[in-house]
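*Asks:* below are the sequence and a predicted model for it; my questions follow.
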Amino acid sequence: MSAPLDAPVRAGLDAVERLKPGSGYAELLAGARGGPAAGLEAFARAEAGWHLAPNAAAFAFGEAKLNSAGPAWQAGVGARVTW
């Protein structure tokens, strides 16, 4: 989560534009690991994208992480229209 704040949204819009117009997707990921020496690490991420039309795309995501340094989260939404 150290990339520029807009990087995940721009990357998501780029990925959505590679889909066939009218197509979309939704994805949910979560996981955790731990151990006596490693402590606990956990994450959750959700994202959705839709290539509405040949010249329009939308994307949104949210993610959260928890580790020994504490919780961290980020979320973003974007739309791209070309003409």
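*Replies:* Received, thanks. What you see is a predicted model; the values in this text were computed from it and never measured.

*Asks:* and the nearest residue to V81 once chain neighbours are set aside, what does it touch?
*Replies:* Spatial nearest neighbour of V81, chain neighbours left out: A56 (5.0 Å); criterion: CB to CB, 6 or more residues apart in numbering. To be clear about C-beta, it is placed using only N, CA and C from the backbone, and glycine gets the same treatment. Counting by CB atoms under 8 Å, 6 or more residues apart in numbering, A56 makes contact with 79-82.

*Asks:* ok, and the most crowded of those?
*Replies:* Using other CB atoms under 10 Å as the neighbour criterion, R80 leads the contacts of A56 with 18 neighbours.

*Asks:* tell me the SS of that one?
*Replies:* Three-state assignment for R80 (DSSP: H, G, I helix; E, B strand; the rest coil): strand.

*Asks:* contacting residues for it?
*Replies:* R80 makes contacts with 13, 17, 56-58, as judged by CB under 8 Å, 6+ apart.

*Asks:* from V16, how far out is the residue nearest to V81?
*Replies:* 10 Å (CB to CB, to the nearest Å).

*Asks:* do G35 as well
*Replies:* Relative to V16, G35 is positioned 37 Å away (CB to CB).

*Asks:* does G62 have beta-bridge partners, and which?
*Replies:* Beta-bridge pairing of G62 under DSSP bridges involves A46, A75.

*Asks:* pLDDT weak spots in this protein?
*Replies:* Filtered on pLDDT under 70, the chain yields the residue ranges 1-3.

*Asks:* pull the contacting residues for H51.
*Replies:* Contacts of H51 by CB under 8 Å, 6+ apart are 16-17, 19-24, 57.

*Asks:* what subset of the residues you listed is buried?
*Replies:* 16-17, 57 (16 or more other CB atoms under 10 Å).

*Asks:* this structure: helices as residue ranges?
*Replies:* Secondary structure of the chain (DSSP state H): helices at 7-17.
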